[in-house]
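Engineer: Return a 3D structure for these sequence lines:
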Amino acid sequence: MTRTVVVTGLGTTSPVGGDVPTTWESLLAGRSGIARMTHEWAEQLNTHIAGEVAVEPTEVLERVQARRLDRSGQFAMVAALEAWADSGLAAADESGSGPDRERVAVACATGIGGVTTLLASYDALITKGPRRVSPLAVPMLMPNSAAANVGLRIGAKAAVSAPVSACASGNEGIALAVDMIRLGRADVVLAGGTEAAIHALPMAAFGNMMALSRRNDAPELASRPWDVDRDGFVLGEGAGILVLESAEHAAARGARIYAEVAGAGITADSHDIAQPDPQGLGATRAITLALAESSLEPGDIHHINAHATSTPQGDVTEALAIRNALGAAADQAVVTATKSMTGHLLGAAGALESIATILALYHRVVPPTINLDNQDAAVELDIATKPRDLPSGDLAALNNSFGFGGHNVALAFRTV
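Structural biologist: Take a look at the predicted model:
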């Protein structure tokens, strides 16, 4: 019999809040976290705006611990500690009734990993010589660094994994965690993603791909999914971590349950390294597979938190995929794009947006999509531009993530 997987803890640090309550409040209020950067190097770029975290991790973490982590690792640690506490497992640890660590795992994904440490270390090598390269550089920059450090802090011994699938990474981390629990390899998994890529090199590269918005004069208006005047995404940073448990494990300890992770769909476009399949075939299949694994019908979906990055092609492709996967039932799904407020967190995007999806089900209200002044006629979706209440009764929702390389991940969540 397949084990049911539930969400018992949530943690984040994001451009709109340093924790889950503040982030959720900001999303419901339609508050943008996009601002003009103050870094000297930013003025050399075509794009001067980004979604930097609202609270610096050094304000939360112990000084020595923070110094030994790449910025992406700092974000993951902040989010993981909040999620662990939110789940009640931190309190259980203090009372001596915490979970068996050989049944606890971590699946913390990233799209780019410790890029800021890599680039800083290279600068030290070139300007000061090899003896000035930190011996901690490799443990800080390796893609599994955030996952490993969270695992060390929590004491996870079942497994520690770091999926890497570009902008679909965070949701793939959650999907991996679901599989681990269903297969009996773990009872508790901290899952999600982290990213810290607001640096001159990644931003120059994305900018030269014509992927970033250049609406520098009005940062808070720059991320505008599905609007006819969208001109690219806004880079964000942060992390989202969820505590997933088997329903039996959660019930045995009397845990609060936010939602069930009903299923996942993972596909690949095999089309292009950077552009989505314009017909959205891979994205359509991901949604269809998520529904099938969840034993859900298209008509069961009442809400979708879309990938919707604010790019001309990507937004239309996703809208087409949703319509193709759900058919006429797409008309009843209330769709939103929280990237309109947070920007695009790359490997952490899916995890943060899964948290928003879960909270929308839990509180039965969908946060708005801001900056949608003139909806693209090619996007035939019911998009919430103000907070929208969801009905009572059993509900299900989707969260989509798509990434460079043709990665597609759709997650289905259900009320409990």
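
Engineer: which residues touch residue 144?
Structural biologist: Residues in contact with residue 144, defined by CB atoms under 8 Å, 6 or more residues apart in numbering, are 160, 161, 162. Placement of C-beta: from N, CA and C, glycine included.

Engineer: Out of those residues, list just those in strands.
Structural biologist: 160, 161 (DSSP state E).

Engineer: State whether residue 250 and residue 4 are indeed in contact, as I suppose.
Structural biologist: No: Residue 250 sits out of contact with residue 4 when judged by CB atoms under 8 Å, with a separation of 9.2 Å.

Engineer: Compare neighbour counts for those two and give me the winner.
Structural biologist: When neighbours are counted by other CB atoms under 10 Å, residue 250 comes out ahead of the other of residue 250 and residue 4, with 24 against 18.

Engineer: quick one: that one and residue 368, what's the gap?
Structural biologist: For residue 250, the distance to residue 368 (CB to CB, to the nearest Å) stands at 31 Å.

Engineer: repeat for residue 114
Structural biologist: The gap separating residue 114 from residue 368 is 34 Å, by CB to CB.

Engineer: before we move on, what about residue 44?
Structural biologist: In this view, residue 44 and residue 368 are 34 Å apart by CB to CB.

Engineer: swap in residue 234?
Structural biologist: Counting by CB to CB - residue 234 and residue 368 are separated by 17 Å.

Engineer: If you count surrounding residues, which of the two has more?
Structural biologist: Neighbour comparison, residue 234 and residue 368: the larger count goes to residue 234, with 29 against 21 (by other CB under 10 Å).

Engineer: Who are the contact partners of the nearest residue to that one once chain neighbours are set aside?
Structural biologist: The spatial neighbour of residue 234 that comes closest, neighbours along the chain excluded (CB to CB, 6 or more residues apart in numbering), is residue 343 at 3.9 Å. Residues touching residue 343, when contacts are defined by CB under 8 Å, 6+ apart, comprise 15, 33, 34, 50, 51, 223, 233, 234, 235, 236.

Engineer: now, among these, which is nearest to residue 167?
Structural biologist: Proximity to residue 167 was ranked across the contacts of residue 343 by CB to CB; first place goes to residue 233, at 9.4 Å.

Engineer: how many other residues sit next to the closest one?
Structural biologist: Taking other CB under 10 Å as the criterion, the count of residues near residue 233 is 28.

Engineer: and what of residue 145?
Structural biologist: 26.

Engineer: What pLDDT does the model give it?
Structural biologist: Per-residue confidence (pLDDT) for residue 145: 99.

Engineer: cool, and residue 243?
Structural biologist: Each residue has a pLDDT score; the one for residue 243 is 99.

Engineer: What of the one 3 residues further on?
Structural biologist: With respect to pLDDT, residue 246 has a value of 99.

Engineer: ok, it touching residue 7?
Structural biologist: No: under the contact definition of CB under 8 Å, residue 246 does not touch residue 7, with a separation of 11.8 Å.

Engineer: more crowded one of the two?
Structural biologist: With neighbours defined as other CB under 10 Å, residue 246 and residue 7 compare such that residue 7 has more, 28 against 20.

Engineer: partner residues bridging the more buried one?
Structural biologist: Using DSSP bridges, the bridge partners assigned to residue 7 are residue 244, residue 259.
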